[in-house]
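K.L.:
Quick one, what's the 3D model for this:
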Amino acid sequence: MTRRFTYRLADYCTSLLLAFLLVSIASFAWADNDDGIVRVKSAVPMSEAINRIKADIAGKGIKFFIEIDQSRLAADAGIKLRPSTLLVFGNPPLGTQFITSNPNAGLDWPVRLLLTQDDNGDVWAVWTDFEWIARRHNIRNRGAQFKMATIVIGSITSTITSK
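P.N.:
So this is what the prediction gives:
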């Protein structure tokens, strides 16, 4: 094989892998086009889902900012709330590119991932769709970065979709 053919084959395989990842993400996550909310059902209980996601974030070298137990805050205020925990994390070299394109995008960065339990006891990972964020802030010059963010969040949340 020639070197050129080998590089073309490698590029083709990389493209196929990327396409596969995007299709895989789409197969277990859905976003409502109107509100930009993406939800993934967890196969594990809330505490395990939180632990798996935090471990994956750390393993990827992504900066973890804070874990907010919203149900505990509600209980402290005398309000009953189903289990609900907000995780805030991000990759500043990636996320700040959106803010440099439109400073208002800082409303949506760093990433916020909500883990919540519904009335049936099912646990869900919920976040804002990155393409929706791009439209919201009229960001048109960061397509590759938004695609990368989508792949990363899909990878992170895939850690909770199987036992």
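K.L.:
any low-confidence regions in the protein?
P.N.:
Within the chain, the segments meeting pLDDT under 70 span 1-33.
K.L.:
Quick one: the strands in it, in order.
P.N.:
Taking DSSP state E to define them, one finds strands in the chain at 30-31, 37-41, 63-69, 84-90, 111-117, 123-128.
K.L.:
Note down every partner strand of the third one and its orientation.
P.N.:
Strand 63-69 sits in its sheet next to strand 84-90 (antiparallel), going by DSSP bridges.
K.L.:
So what's the gap between the strand it pairs with and the chain middle?
P.N.:
The chain centre lies 10 Å from the centre of strand 84-90; the measure is Cα atoms, centre = their mean, to the nearest Å.
K.L.:
and what of stretch 144-158?
P.N.:
Worked out by Cα atoms, centre = their mean, stretch 144-158 lies 6 Å from the chain centre.
K.L.:
Can you give me the distance of Thr85 to Thr100?
P.N.:
30 Å (Cβ to Cβ, to the nearest Å). For every residue, glycine as well, the C-beta is placed using N, CA and C.
K.L.:
More neighbours: which of those two?
P.N.:
In this view Thr85 and Thr100 are compared by other Cβ atoms under 10 Å, and Thr85 has more residues nearby, 21 against 11.
K.L.:
quick one, what contacts the more buried one?
P.N.:
By Cβ atoms under 8 Å, 6 or more residues apart in numbering, the contact set of Thr85 is Met46, Ile50, Glu67, Ile68, Asp69, Gln70, Ser71, Leu114, Leu115, Thr116.
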